[in-house]
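Enquirer: structure for the following, please:
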Amino acid sequence: LKNWWWASKMSGLPTYNNAKPQPRPRLGKMWRQLPVLTRCTILVLSFMLLGTFVFSPFSSASASTPMPQTEPAYPRSLNAIMGNGKVLEHEIESLRVENQRLKELLALRKRLKHHKKVGNGDHDSENNGHVENQDLHLAGRELPANHGNSPLDAPGAQHANEHAEPHPPAPQEQPQELEMRPHEPVAAAAQPVADGGKPHLPSVQETTEYGPRNPQQEAIVGAMKWAWKGYKEHAWGHDELHPIAKTSSEWFHLGLTIVDSLDTLYIMGMKEEFADAREWVRSGLNLDQDVEVNLFETTIRVLGGLLSAYHLSKDSVFLERASDLGDRLSAAFNPRSKVPFSDVNLHSRVASKPKWGPDSTTSEVTTIQLEFKDLAHLTGRTAYATQMKEIMEHIRSLPRPDGLVPIFINADYGSFSGSTITLGARGDSYYEYLLKQWLQTGKTETMYRDMYVETVNGIRARLVKHTSGPLRMTYIAELINGQISPKMDHLVCFLPGTLALGAANGLDPADLELAKELLSTCHEMYAQTATHLAPEIVHFHVPGDGMGDNTEMYIKPADAHNLLRPETAESLFILYRITKDPKYREWGWDMFQAFERHCRVDSGGYTSLNSVLVVPPPVRDKMESFFLAETLKYLFLLFADDNVIPLDKYVINTEAHPLPIFTP
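Expert: Sure, this is the predicted structure:
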């Protein structure tokens, strides 16, 4: 019990401090003076602590792990530390570090107050108070009452990778100085949409000046630079980075991370990095390779990335490469059944079915439309737009009970396969692109609006469910062989943003309320884990599942991994743009901090995790390209002004690449 003196203070045990200063008593004498019950308690706790070193925390994992209803983000009592299997010395050190950070954060709060006063001029005190409360509550942690509102966590801090080594993390570097530009104050947030009011999108003049404008965006740009550093040093020109092993891997041999990140670099004002990426696209991107690529993934990531980069930069290099790629991918279109094949060889231009089976995925064949319609509009190749419409007209002609579709479709016969219905994997973006196709062409193609409205009504009637506990969570269930399955993928968290976007474009205002309820559930997927990061899949309690009535949401160990996914960040961005409710920024900032704590790798880059249920989490050692293309971009846009990628002028594809709205 090397740290017994400090541990006794934390656990409430007597410390033998008298009013008068006196020499520190010997340990043996102190031990004999303790009551027998107290000594027994200390011995039991000591053996529990010893057990955390001898036995792996994974050896006793059960088949399914309920999510605690109130998991403290920073346990401080000795019992809490023991219960979570954390090392006492590590926790004490984190207390010291946090105390120092708290002092720095309070100083940051004073600077923010000062610059808000400079920026807001003679605005009335009530408005200034609203701004202060909004922007200084983003840390997601409560301070003692005498400190007032929660300050921002210092965004410039360099976080040690807590899981790269089995030893306690190295001390963190001092936070960088944050300086608010007096001529660019943080703008006051508009009031949220009143209950019963009609939601709408803000109408603003689009900016042509990109880059960070506040401390939160500075921090997110810092994360993007860190991710880019790891990729450039260890995986340049390859598809994906393995940041811990400092190696790379290939999927399509198309430099996915570079092309997927182009518009993120541009929007964040990373000019040097964007120039390097542009040069690689010009001279290093080889589209004439004898490789088979997936039509869907290549379209949304590479074609979408090139088109978006062209729209933002007006650099013809990107449009030339996009035109070449689109021509090669179009070999997958199937004029006989109208259902595209899933794969295509870029060199031979021969299409094929997926290697894993005879069917294509429904979401894949219906999530290429935005990109090819945009390419048709830019190049004048109207055949692309015609082919996209033929695909959707064929889908509309098939049986779709309540607008819901199975997740597989046969490319030979053009018919659905199986009966599984989900808004998660293999089904998600079909529903997303119904709305976005209507928006992309200035709401002129009403077929997509009608299909979308029918679908939302079907979701409400058959898939929207609620837990019976105090949180009364709203979730989207699945239909497996006609039976309800209380399971929801993190992928489903795109839906709140889609529903809100539809409501803001004149569709049913009640969709916005459903969006808020679903986004609250998606937030709980983060807030109720030890890491404050969401798992890939959650299950919800229903009578008879053996989980107990006190459990509303639980995670199975096989579903506990985190791939750095963007769907919740996407919905936070859209709902904040529409409602201006500051809690969405708070939730997004909590998410960003959790990525920094648990996924940042010391040598550069960020890693996905094998489990979000333990701290430190076991790592997966892979940085998906969508972390740069989507997750960090949506977090940056969450803290941006309305004139940065305004939602009344852009439609954003399923890989977060903004494409302008146009009239055909």
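Enquirer: going along the chain, name the strands of the stretch 501-650 of the chain.
Expert: Per DSSP state E, counting those that start in this stretch, the stretch 501-650 of the chain carries strands over the ranges 537-540, 553-555, 650-652.
Enquirer: adding distance to Ala245, mean neighbour count and mean pLDDT, write those strands out as TSV.
Expert: Using the backbone N, CA and C atoms, a C-beta is placed for each residue, glycine as well. Shown next, in TSV, are the strands of the stretch 501-650 of the chain (distance: least, Cβ to Cβ, whole Å; neighbours: other Cβ atoms under 10 Å; pLDDT from 0 to 100):
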stretch	distance to Ala245	mean neighbour count	mean pLDDT
strand 537-540	26	23	97
strand 553-555	27	21	95
strand 650-652	33	22	98
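Enquirer: now those as JSON lines including distance to Gly506?
Expert: Formatted as JSON lines, the strands of the stretch 501-650 of the chain follow (distance: least, Cβ to Cβ, whole Å):
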{"stretch": "strand 537-540", "distance to Gly506": "32"}
{"stretch": "strand 553-555", "distance to Gly506": "34"}
{"stretch": "strand 650-652", "distance to Gly506": "15"}
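Enquirer: if we ignore the residues flanking it in sequence, what's nearest Tyr452?
Expert: Using Cβ to Cβ, 6 or more residues apart in numbering and skipping residues adjacent in sequence, the residue nearest Tyr452 is Leu434, 3.9 Å away.
Enquirer: isn't there a helix covering the one you found?
Expert: Yes - counting by DSSP: H, G, I helix; E, B strand; the rest coil, Leu434 is found in a helix.
Enquirer: change the start of the numbering to 46 and stick with it
Expert: Shifting the count to begin at 46 puts that one at Leu479.
Enquirer: next, count neighbours for it.
Expert: Neighbour count of Leu479, defined by other Cβ atoms under 10 Å: 26.
Enquirer: that one and Val501, how far apart?
Expert: Leu479 sits at a distance of 9 Å from Val501 (criterion: Cβ to Cβ, to the nearest Å).
Enquirer: need the contact list for the residue nearest to Tyr497.
Expert: By Cβ atoms under 8 Å, 6 or more residues apart in numbering, Leu479 lies in contact with Tyr493, Met496, Tyr497, Thr500.
Enquirer: among these, name the buried ones.
Expert: Tyr493, Met496, Tyr497, Thr500 (16 or more other Cβ atoms under 10 Å).
Enquirer: in the stretch 496-645 of the chain, where is pLDDT below threshold?
Expert: 594 (pLDDT under 70).
Enquirer: helices of that one, start to end?
Expert: With DSSP state H, counting those that start in this stretch, the ranges of helices along the stretch 496-645 of the chain come out as 540-549, 555-572, 612-624, 628-643.
Enquirer: report the angle between the shortest one and helix 555-572.
Expert: Note on geometry: by axes from the mean of the first three to the mean of the last three Cα atoms, to 10 degrees, helix 540-549 and helix 555-572 are set 160 degrees apart in direction.
Enquirer: what angle sits between helix 540-549 and helix 612-624?
Expert: Using the same axes, to 10 degrees, helix 540-549 lies at 20 degrees relative to helix 612-624.
Enquirer: can you list the residues that contact helix 540-549?
Expert: Taking Cβ under 8 Å, 6+ apart as the rule, helix 540-549 contacts 244-246, 468, 473, 476-477, 480, 484, 497, 501, 521, 553-557, 559-561, 563-564, 567, 615-616, 618-620, 623-624, 692.
Enquirer: against Asp369, how distant is Leu357?
Expert: 20 Å.
Enquirer: should've said Lys277
Expert: From Lys277 to Asp369 the distance is 25 Å (Cβ to Cβ).
Enquirer: who has more neighbours out of those two?
Expert: Lys277 (18 against 15).
Enquirer: could you dump the helix or strand that contains the more buried one to CSV, C-alpha only?
Expert: Assigned by DSSP states H and E, Lys277 belongs to helix 260-279. Taking Å, rounded to 0.1, in the frame of the first residue of the first chain, the C-alpha atoms of helix 260-279 are listed here in CSV:
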residue,chain,number,x,y,z
PRO,A,260,-10.9,27.4,-30.7
GLN,A,261,-13.1,24.3,-31.3
GLN,A,262,-12.3,24.4,-35.1
GLU,A,263,-8.7,25.0,-34.4
ALA,A,264,-8.6,21.8,-32.3
ILE,A,265,-10.4,19.8,-35.0
VAL,A,266,-8.0,21.1,-37.7
GLY,A,267,-5.2,20.0,-35.3
ALA,A,268,-6.6,16.5,-35.3
MET,A,269,-6.9,16.5,-39.1
LYS,A,270,-3.2,17.5,-39.3
TRP,A,271,-2.3,14.7,-36.9
ALA,A,272,-4.2,12.2,-39.0
TRP,A,273,-2.7,13.5,-42.2
LYS,A,274,0.8,13.4,-40.7
GLY,A,275,0.5,9.7,-39.8
TYR,A,276,-0.9,8.9,-43.3
LYS,A,277,1.7,10.9,-45.2
GLU,A,278,4.7,9.4,-43.3
HIS,A,279,3.6,5.8,-43.3
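Enquirer: what's that helix packed up against?
Expert: If contacts are counted by 3 or more Cβ pairs under 8 Å, 6 or more residues apart in numbering; DSSP states H and E, helix 260-279 sits against strand 285-287, helix 301-312, helix 316-328, helix 628-643, helix 677-683.
Enquirer: buried residues in it?
Expert: Buried, per 16+ other Cβ under 10 Å, within helix 260-279: 260-269, 271-273, 275-277, 279.
Enquirer: any idea how far it is from the chain center?
Expert: Put simply, helix 260-279 sits 16 Å off its chain's centre (Cα atoms, centre = their mean, to the nearest Å).
Enquirer: for Ala396, what are phi and psi?
Expert: The phi/psi pair for Ala396 (degrees, to the nearest 10) reads phi -90, psi 160.
Enquirer: right, and it touches Val389 too?
Expert: Yes - with contact defined as Cβ atoms under 8 Å, Ala396 reaches Val389; the gap is 4.7 Å.
Enquirer: quick check: neighbours shared by the two?
Expert: Common neighbours of Ala396 and Val389 (Cβ under 8 Å, 6+ apart) are Leu340, Ala376, Ala377.
Enquirer: of those residues, which belong to helices?
Expert: Residues of these located in helices (DSSP state H): Leu340.
Enquirer: out of the shared contacts of Ala396 and Val389, which end up buried?
Expert: By 16+ other Cβ under 10 Å, the shared contacts of Ala396 and Val389 give Leu340, Ala376, Ala377 as buried.
Enquirer: from these, pick the one nearest Tyr255.
Expert: Nearest to Tyr255 among those, counting by Cβ to Cβ, is Leu340 at 31.1 Å.
Enquirer: what about that closest one, distance to Glu438?
Expert: Relative to Glu438, and taking Cβ to Cβ, Leu340 is found at 19 Å.
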